[in-house]
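Enquirer: Build the 3D model from these lines:
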Amino acid sequence: MTTFKVPTREEVAPANQAIFDNLNKALGFVPNLYATIAYSKNGLERFLAYQNAKTSLTNKEKEAVNLIVSQVNECIYCQSAHLVLGKMNGFSDEQLNEIRHGKSSDSKLNALIVLAADITKNRGYANDSNIKAFFDANYTEENLVDLILLVSDKTAMNYLHNLTKVPVDFPIAQAI
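Expert: Predicted coordinates for the structure are as follows:
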């Protein structure tokens, strides 16, 4: 098996070194998965711009999607990161556990989580009843497009970690 080393600041392109500095200022560290993207001279800047683009979904909705997609894709790194970020965005441990099980007691959030899981499991296809429930929960076509973009963002990160298996630098998510 190939072992992937997390590159240090000195081992990445100058543009990525500046991004590492900004991440250190904002987060206090450079997450290993972001550092791994820096193997690509332009990848980290492109990915962060995509990830941080404005969206019609709230931060809580984004974290719920990030967590369920990471759960479906069996990415321990992203599950671990999004449990921390989910708490920072107001979710309780119980709510995060519900999301990891593909549901929420909040009916609107539940429709989003169920559809996100369905899209992820079925590679972009989804059950008509889940799509209908999403729209019945007052989500819009704009929300649907933003959901697809968010699923693609998180799936890329999930795949990167599932392939590289770089060390998780967040408290490890317990298996469910």
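Enquirer: any idea how far Tyr50 lies from Ile99?
Expert: Using Cβ to Cβ, to the nearest Å, Tyr50 is found at 23 Å from Ile99. Placement of C-beta: from N, CA and C, glycine included.
Enquirer: out of the two, which sits in the more crowded spot?
Expert: Counted by other Cβ atoms under 10 Å, Tyr50 and Ile99 do not tie: Ile99 has more neighbours, with 27 against 12.
Enquirer: That one and Ile172: what is the separation?
Expert: Applying Cβ to Cβ to Ile99 and Ile172 gives a distance of 17 Å.
Enquirer: CA atoms of whichever helix in the chain runs longest as CSV?
Expert: In the chain, taking DSSP state H as the definition, the longest helix is helix 141-164. Output of helix 141-164 as CSV, limited to C-alpha atoms (Å, rounded to 0.1, in the frame of the first residue of the first chain):
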residue,chain,number,x,y,z
GLU,A,141,-34.5,24.6,-7.2
GLU,A,142,-31.7,26.9,-6.0
ASN,A,143,-31.3,24.9,-2.8
LEU,A,144,-31.3,21.7,-4.9
VAL,A,145,-28.4,23.0,-7.1
ASP,A,146,-26.5,24.1,-4.0
LEU,A,147,-27.1,20.7,-2.4
ILE,A,148,-25.6,18.9,-5.4
LEU,A,149,-22.6,21.3,-5.3
LEU,A,150,-22.1,20.6,-1.6
VAL,A,151,-22.4,16.8,-2.1
SER,A,152,-19.7,17.1,-4.8
ASP,A,153,-17.4,19.1,-2.6
LYS,A,154,-17.7,16.7,0.3
THR,A,155,-17.5,13.6,-1.9
ALA,A,156,-14.2,14.9,-3.3
MET,A,157,-12.8,15.4,0.2
ASN,A,158,-14.1,12.0,1.3
TYR,A,159,-12.5,10.3,-1.7
LEU,A,160,-9.2,12.1,-1.1
HIS,A,161,-9.0,10.9,2.5
ASN,A,162,-10.3,7.4,1.7
LEU,A,163,-7.5,7.0,-0.8
THR,A,164,-4.7,8.8,1.1
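Enquirer: and it, average pLDDT?
Expert: The average pLDDT for helix 141-164 rounds to 98.
Enquirer: List the contacts of it.
Expert: Contacts to helix 141-164, defined as Cβ atoms under 8 Å, 6 or more residues apart in numbering, come from residues 4, 33, 36-37, 47, 50-51, 53, 55-57, 62, 65-66, 69-70, 73-78, 112, 115-116, 119-120, 124, 134, 139.
Enquirer: Now restrict these to buried residues only.
Expert: Buried by 16 or more other Cβ atoms under 10 Å: 4, 33, 36-37, 47, 51, 55, 57, 62, 65-66, 69-70, 73, 75-78, 112, 115-116, 119-120, 134, 139, out of these.
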